[in-house]
Each structure stands twice: as C-alpha cells, then as structure tokens.
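> sequence first, then the predicted structure:
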Amino acid sequence: MSSYPVVLYVEDDPRSCKVMRLLLIQQMGLSEVTIFEDSHNFMARVAALQPPPDVIFLDIHVKPHSGFEMLEMLRQLPQFDHTPMVALTASVMNEEVEQLQIAGFHGCLAKPLDTDTFPHLLERILSGEVIWNITG
C-alpha cells in the first residue's frame, strides 16, 4: 500500500462527489482518488484502475448497478478479497443496515458525510476496523 491510500468512490449525486473531492483531495491531501459518477461498465473501469484501490466507497442508490450489485461483482475478484468496501447512503434504517451487513459491506457511513470525523474514520477503515457510522 502506498503512503497515501488509493480511494475509489462510486456516486451519482454531484453534490456528494464534490464534498468527497474536497475532503479527500483538498483537505486530506490525497492524490490517488477516483470517482465514478455512475456504475456503467463498472467492472471494466475498476479493472483499469492502476494502482488498484485500497478502499472502495459505494453509494447504494446508483444506476445502472446498485451498491449491492457492485459489491457482489467486486467480491468475485480475488484481488479485492481484503479491500474494505464501505456503503454510503442517505437512507439508513435498521433494515437497510442489516441488508448491508448480510451483503458483506465492511461498514456504512451516513450521508451527508461529517467532514470533521471522516479523516479519522478513513484511517480506522484502512487499519481494518469495521465502521457502522449511521447517525447523520
């Protein structure tokens, strides 16, 4: 792993993309940040990423493939066996948290992201901790 984590974020909401860009690139100084603004050709685009991501954030409500579908696709690739995959969603209800856990997400962060706590949460996720930060 490089000294800076390589981040992939899949999100179709322009405001959320902007917040994540500001947070990761400007506030945290990360240089290896990729944002897919939809999930078209998802697997081909992921396969083309060099270096591969150290952490993947998936919005749950993306088209054409949902966060659940993208997670399932990624889980079929051995190179992502140990990559934390974290759901991001604005609609966090108990049933959805349960679905996310069953699906195999390494955690969930509620949107909008808390820009004060996110850098620390990212550190914890990268160190292998499972984070279910679902209070908006």
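Now that the structure is in, tell me what you want to look at.
> hey, let's count contacts and neighbours off CA atoms from now on
Will do.
> now the helices for the chain?
Secondary structure of the chain (DSSP state H): helices at 14-21, 42-47, 67-75, 94-103, 118-126.
> any idea which of the ones you listed is most buried?
helix 67-75 (a mean of 18; mean count of other CA atoms under 10 Å).
> hmm, who's touching that helix?
39, 42-43, 58-61, 80-81, 85, 87, 100, 103-105 (CA atoms under 8 Å, 6 or more residues apart in numbering).
> again, only using 7 Å
58-61, 80-81, 103 (CA atoms under 7 Å, 6 or more residues apart in numbering).
> what of stretch 42-62?
5-12, 38-39, 66-68, 83-89.
> just the buried residues out of these, in PyMOL syntax.
Burial among the contacts of stretch 42-62 is assessed by 16 or more other CA atoms under 10 Å; the matching PyMOL selection reads:
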select buried, resi 5+6+7+8+9+10+11+12+38+39+66+67+68+83+84+85+86+87+88+89
